[in-house]
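K.L.:
output the structure for:
(chains A and B)
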Amino acid sequence: MNGAKISDASLLLASSLVVVSLLFSYFQKLRLEKETLVSVIRAVVQLFAVGYVLQWVFGLRSPAVTTLILLLMIFNAAFNAAKRGKGVRNGILISYLSILTGTGATLSVLVLSGAIRYEANQIIPIGGMIISNAMVAIGLCYRQLAGNFKSRRTEVEIKLSLGADLLPASRDILRDSIRTGMIPTIDSTKTLGIVSLPGMMTGLILAGTSPLMAIRYQILVTFMMLSTTAISSFLACFLAYRNFFNGRKQLDDGTSG
Amino acid sequence: MAQIAFQNVSYRRGGKEIVKNLSAEFAPGDFVSIVGPSGSGKSTFLRLCCHLISPTGGKILFHGKDMLRENPIEIRKKIRYCFQEPVLWGNTVEDNVAFPYRIRNRKADREKIVSLLSRFHMDESCLTHDVKSLSGGEKQRIALVRTLLFEPEVLLLDEATSALDADNAELVEKEIYRLNQKGVTVLWVTHNDAQSRKYANRLLTIENGQIQSREELK
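P.N.:
Predicted structure coming up:
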């Protein structure tokens, strides 16, 4: 690759752009100076740390270490997604299983088909993108699930009172929640290349890859995101909905009249 | 043996006791009107009857067996609750009347649906109507049809005619009475004094979660 190489000096010069933001905040009395400085320092430290770790991991060429890192990434994503699922018991476990299955199934298809190789420098960046996408989707699913079980409580109770089991009583809510989880990915898929050039594609082009090769990677990632989001949203919703009922097949916390 | 028996039943939620130490028995074929001020615990009483909530004290027996030990789905298929708020789902009326068949893995019996609709002065054409375009009265009658497609042992009605005009209210009353004559036990919460005494053989008044009075009507 003969793409952009950024020297330490040019990186330092570019940091003057932060000063622009600080000055703007100062003169407009936005009171964001401290927060801006902290976030910039955090970003630089985190990225350098990640850069060194990745450099080391890529050098190891160990599938075991690559797998371990993937599992850690999934745990972190599951932990964050579960925060959105107030009322969902075992949220971390459900999220972990959902993201693991979605990511695992998708990566397996691509590795087995030869589209990508199971090497750290391919699996970790691509895995990161799809895991974070699944995390956002599951978070949206949980929020919609909890909101629907609250706002459509009477509908669910009528279905139960007609003799429905938990799944038929919840099916419409499940569909709605899975849709909510998937729609952002579908929307961003629709506008790829028109509204924005995705970060990964931009990065590849900056690094010197031809745009025709960069789009191939982007198309691959888009397919992966769609599949992982679908699998993860579906699993998370189907594993979580029973949490809104008790063992007597009643909606938790019954209302009075 | 009583069909449904409440034995010192209490129900507490959020620190408030909504039903207090309530005892009552209902025999097969009873037609009981339940009256009382808003918030007195009437709807909670009906919800307890069909196992949508469970007592926090006491016992509810169905045919002599503790309801808590029975399969809640089977109980709800026998003791059917028609809610005060006639919530419809899906897009069309058909989505709603097909639901009781779907949960029993059966094909919708169109003939029976149309026959029941006609009893409530509606015809087959309403099956394709958008649920959003229906009036409150139409929604209430569809909700009743949905509840009655499979005949229950016990029918719990919560203000089932509140959105209906006088003619349609009478139509529903007669239909419920017809079911009662066939042996269906009816427990009917109503605010309408005349309605509460029309067909019922017993009148219960609930206040502050307790039965204040029991009156034999005929």
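K.L.:
could you use CA atoms for every contact and neighbour count after this?
P.N.:
OK.
K.L.:
distance from the chain centre to stretch B:129-149, please.
P.N.:
Centroid separation for stretch B:129-149 versus its chain: 15 Å, with C-alpha atoms, centre = their mean, to the nearest Å.
K.L.:
would you state the helices of the stretch 151-257 of chain A in chain order?
P.N.:
For the stretch 151-257 of chain A, applying DSSP state H, counting those that start in this stretch gives helices covering A:153-161, A:166-190, A:199-206, A:211-240.
K.L.:
report the buried residues of the third one.
P.N.:
Judged by neighbour count (16 or more other C-alpha atoms under 10 Å in any protein chain shown), helix A:199-206 contains these buried residues: A:200-202, A:204-206.
K.L.:
re earlier: give me whichever of the helices of the stretch 151-257 of chain A is most buried.
P.N.:
helix A:153-161 (a mean of 22; mean count of other C-alpha atoms under 10 Å in any protein chain shown).
K.L.:
spell out which parts of chain B neighbour chain A.
P.N.:
Counting by C-alpha under 8 Å from any C-alpha of the partner chain, the residues of chain B close to chain A are B:13, B:18, B:38-44, B:50-53, B:68, B:72-77, B:80-83, B:85, B:87-89, B:100, B:103, B:147.
K.L.:
please flag which of those sit within strands.
P.N.:
Those of the residues of chain B next to chain A mapping onto strands are B:13, B:18, B:80-82, per DSSP state E.
K.L.:
looking at those residues, state which has the most neighbours.
P.N.:
B:Y81 (30 neighbours; other C-alpha atoms under 10 Å in any protein chain shown).
K.L.:
give me the nearest residue to it, chain neighbours excluded.
P.N.:
In space, and not counting its chain neighbours, B:Y81 is closest to B:L156: 4.6 Å by C-alpha to C-alpha, 6 or more residues apart in numbering or on different chains.
K.L.:
could you measure from A:I41 over to chain B?
P.N.:
48 Å (C-alpha to the nearest C-alpha, to the nearest Å).
K.L.:
counting neighbours, what do you get for that residue?
P.N.:
12.
K.L.:
lowest average confidence, helix or strand, in chain B?
P.N.:
Lowest by mean pLDDT, DSSP states H and E among the helices and strands of chain B is helix B:193-198, with a mean of 89.
K.L.:
ok, residues contacting it?
P.N.:
B:33-35, B:188, B:190, B:203, B:217 (C-alpha atoms under 8 Å, 6 or more residues apart in numbering or on different chains).
K.L.:
and stretch A:88-98, by the same measure?
P.N.:
In this structure, residues lying in contact with stretch A:88-98 by C-alpha under 8 Å, 6+ apart are A:74-75, A:77-79, A:81-83, A:85, A:135, A:138, A:142, A:231-233, A:235-236, A:239-241, A:243-244.
K.L.:
repeat for stretch A:161-172
P.N.:
A:156-157, A:159-160, A:241-242, A:245, A:249, B:50, B:52, B:73-77, B:80-81, B:100, B:103, B:147.
K.L.:
show me how to select, in PyMOL, the buried members of those.
P.N.:
To isolate the buried members of these in PyMOL, using 16+ other C-alpha under 10 Å:
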select buried, (chain A and resi 156+157+159+160+241+242+249) or (chain B and resi 50+52+73+75+76+77+80+81+100+103+147)
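K.L.:
which residues touch residue 87?
P.N.:
Using chain A here. A:146, A:243-244.
K.L.:
my bad, chain B
P.N.:
With C-alpha under 8 Å, 6+ apart, B:V87 has these contacts: A:154-155, A:158, B:139, B:143.
K.L.:
okay, those in CSV with distance to A:S62 and pLDDT next?
P.N.:
Listed next are the contacts of B:V87 as CSV, based on distance: C-alpha to C-alpha, whole Å; pLDDT from 0 to 100:
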residue, distance to A:S62, pLDDT
A:T154, 54, 95
A:E155, 53, 97
A:I158, 55, 97
B:K139, 64, 95
B:A143, 63, 96
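K.L.:
which stretch of helix or strand covers the residue nearest the centre of chain B?
P.N.:
Nearest to the geometric centre of chain B sits B:L156, at 2.1 Å (C-alpha atoms, centre = their mean). Using DSSP states H and E, B:L156 maps to strand B:154-158.
K.L.:
who does that strand pair with, and is each partner parallel or antiparallel?
P.N.:
strand B:79-82 (parallel), strand B:185-189 (parallel) (DSSP bridges).
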